[in-house]
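Just need the structure, nothing else, for what follows:
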Amino acid sequence: MSDLLIEEYIPAGYENRVTRTHLHSILHIDDRVIREEIKAALERGVFIASYDDGYFRWKDAKDDPYFEGYMGRENSRFLKIGHRNRLMRDAWLEIHPEKKRKKKDQIPGQMSLFEGV
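Numbering: from 1, shown residues only. Take a look at the predicted model:
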């Protein structure tokens, strides 16, 4: 996206949120690129949330409930993905026990923090 910053096209305030379709129509870039640019903006510290099918930057305290909802939803996704990943890994290791990680530097009789996890 060259020197263009996606946050220049995402307005402040929940009431002004815009869809990725709108961003595509004005920027003429692929949806995947839009998502990558939003991620890059977040990594630069730009406060962007996606809520009710639209993106917006934080404007004032009226936006706090929407940002809290966004962060709660993202945290829930993170936990669900981690859980599914553990289930898949455990099933894979049942089929391929030889793939289990070797315990390095284990002291005899020492209990692992990860046993039973």
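
switch to C-alpha atoms for all contacts and neighbour counts from now on
Noted.

Where does the spatially most central residue of the chain sit: helix, strand or coil?
Central residue of the chain (CA atoms, centre = their mean): Glu74, 6.0 Å from the mean position. Per DSSP: H, G, I helix; E, B strand; the rest coil, the local secondary structure of Glu74 is helix.

State the distance from it to Tyr9.
23 Å (CA to CA, to the nearest Å).

how about the strands in the chain?
With strands called from DSSP state E, the chain shows them at 48-51, 54-57.

Kindly provide the distance from the residue nearest to the centre of the chain to Asn16.
Applying CA to CA to Glu74 and Asn16 gives a distance of 21 Å.

Ok, Leu87 next?
Relative to Asn16, Leu87 is positioned 41 Å away (CA to CA).

now swap in Glu68 and tell me
18 Å.

same check, this time on Leu42
Per CA to CA, Leu42 is found 19 Å from Asn16.

next one: Met71
19 Å.

what's the answer for Ala61, then?
According to CA to CA, Ala61 and Asn16 sit 15 Å apart.

likewise Phe78?
27 Å.

just Asp30 next, same as before
Separation of Asp30 from Asn16 (CA to CA): 22 Å.

where exactly do the helices run in this protein?
Secondary structure of the chain (DSSP state H): helices located at 20-27, 31-43, 64-95.

Can you lay out the ones you listed as CSV showing mean pLDDT?
Output for the helices of the chain, formatted as CSV (pLDDT from 0 to 100):
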stretch, mean pLDDT
helix 20-27, 95
helix 31-43, 94
helix 64-95, 94
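
want to throw those helices into a markdown table with distance to Phe56?
Output for those, formatted as a markdown table (distance: least, CA to CA, whole Å):
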| stretch | distance to Phe56 |
| --- | --- |
| helix 20-27 | 11 |
| helix 31-43 | 11 |
| helix 64-95 | 10 |
